[in-house]
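here you go, sequence then predicted model.
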Protein chains: 2
Amino acid sequence: MPPGDSLPRWICDECGEIHYQNPKLVVGTVPEHGGRLLLCRRAIEPRYGYWTLPAGFMENDETTAQGALRETLEEAGAAVALGAPFSMISVPRVNQVHLFYLARLDVLEFKPGEETLEVALFEEADIPWKDIAFRTVAATLRHWFADRSRGDFAFHAEDLP
Amino acid sequence: MPPGDSLPRWICDECGEIHYQNPKLVVGTVPEHGGRLLLCRRAIEPRYGYWTLPAGFMENDETTAQGALRETLEEAGAAVALGAPFSMISVPRVNQVHLFYLARLDVLEFKPGEETLEVALFEEADIPWKDIAFRTVAATLRHWFADRSRGDFAFHAEDLP
């Protein structure tokens, strides 16, 4: 524990550098086209073969919005118009915070990126609920369809135990 | 650049471990008591002596809400009741995302923590605008007073260039 700190830290035995370990932001979008949502089937672990919303680790030198757009382009080959932040879900078990933006896919162009097996648009009735990769994605999809039903998209902040 | 990656990374010459550098979340609160807001005067650099909202780096094994409560207790000695997320501001220049929650200080108890010189409640007219430590704090305070004026607190997402 460095002087003045309140938690133990990873400190390099060689040079004394302190490597702080902090939660990472995962940023992504809920791309909508004509009432259908765009999902990606994962070509990487964890959860290879399962369906997810386009999302990934936010990188340095970008904003949350830029990261969400970049990941959507990388994973789904889709250039979306970004809307408001829609869900923010803490996942302390893996030290992550997942943040999804509303997004509109205006032009019907998408294709799987390197980390994606396939990309497809789903009606609510066709969402592969049993094959969704992550609980944050399932929660975000549920919020999206519930909000659409009541005709108002809110911002949803919550935690996964 | 590791295989399959799209960005250069810090890789340990000794063991090959990849040290990903991702933006950090700074979490805090806007504590309100009877129309006044609680500010802390910083006892540490950067911005020693300037006023800020209680906030700090989110730690592993906690949620954004838990981090905001912890920082408010550590820096201001204040046990607040947390409200909704209020502002989320990307600051790519320093690879940070600042997230502030609405908060209510029900019991009038607070005291400076180790990183704080003093803690005080301010009416809108008395906010030390010229001595606010960070632009995200100033922006959050401006949003708070504007929202109070119109009688509705919204969620504000934005970026600082």
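Okay, I see it.

could you use CA atoms for every contact and neighbour count after this?
Fine.

from residue B:96, how far out is the closest residue to residue A:95 other than its chain neighbours?
Spatially, and ignoring its direct neighbours in sequence, residue A:95 is nearest to residue A:23 (4.5 Å; Cα to Cα, 6 or more residues apart in numbering or on different chains). Counting by Cα to Cα, to the nearest Å, the gap from residue A:23 to residue B:96 is 12 Å.

which one's more surrounded, these two?
More crowded of residue A:23 and residue B:96, by other Cα atoms under 10 Å in any protein chain shown: residue A:23, with 25 against 21.

who's in contact with the more buried one?
A:92, A:95, A:96, A:97, B:24, B:25, B:58, B:59, B:60 (Cα atoms under 8 Å, 6 or more residues apart in numbering or on different chains).

out of the residues you listed, which are inside strands?
A:96, A:97, B:24, B:25 (DSSP state E).

quick one, what contacts residue A:69?
A:28, A:29, A:79, A:80, A:82.

what's the farthest-apart pair in these?
A:28 and A:79 (12.5 Å; Cα to Cα).

sorry, back to before: need the overlap of contacts for residue A:23 and residue B:96.
Common neighbours of residue A:23 and residue B:96 (Cα under 8 Å, 6+ apart) are B:24, B:25.

quick check, nearest of the ones in strands among the contacts of residue A:23 to residue A:33?
Closest approach between those and residue A:33, by Cα to Cα: residue A:97, at 26.1 Å.

leaving out sequence neighbours, find the closest residue to the closest one.
residue A:90 (4.4 Å).

just to revisit the earlier point, in a markdown table: the contacts of residue A:69, plus secondary structure and distance to residue A:3.
Supplementary listing: the contacts of residue A:69 in a markdown table, determined by DSSP: H, G, I helix; E, B strand; the rest coil; distance: Cα to Cα, whole Å:
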| residue | secondary structure | distance to residue A:3 |
| --- | --- | --- |
| A:28 | strand | 38 |
| A:29 | strand | 41 |
| A:79 | coil | 48 |
| A:80 | coil | 47 |
| A:82 | strand | 44 |
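
burial of residue A:17, as a residue count?
Neighbour count for residue A:17, taken as other Cα under 10 Å: 10.

quick one on the thing from earlier: and the contacts of residue A:23, which is closest to residue B:9?
Nearest member of those to residue B:9, counting by Cα to Cα, is residue B:24, at 16.7 Å.

picking that back up, what does the model give the residue nearest to residue A:97 for pLDDT?
With respect to pLDDT, residue A:90 scores 98.
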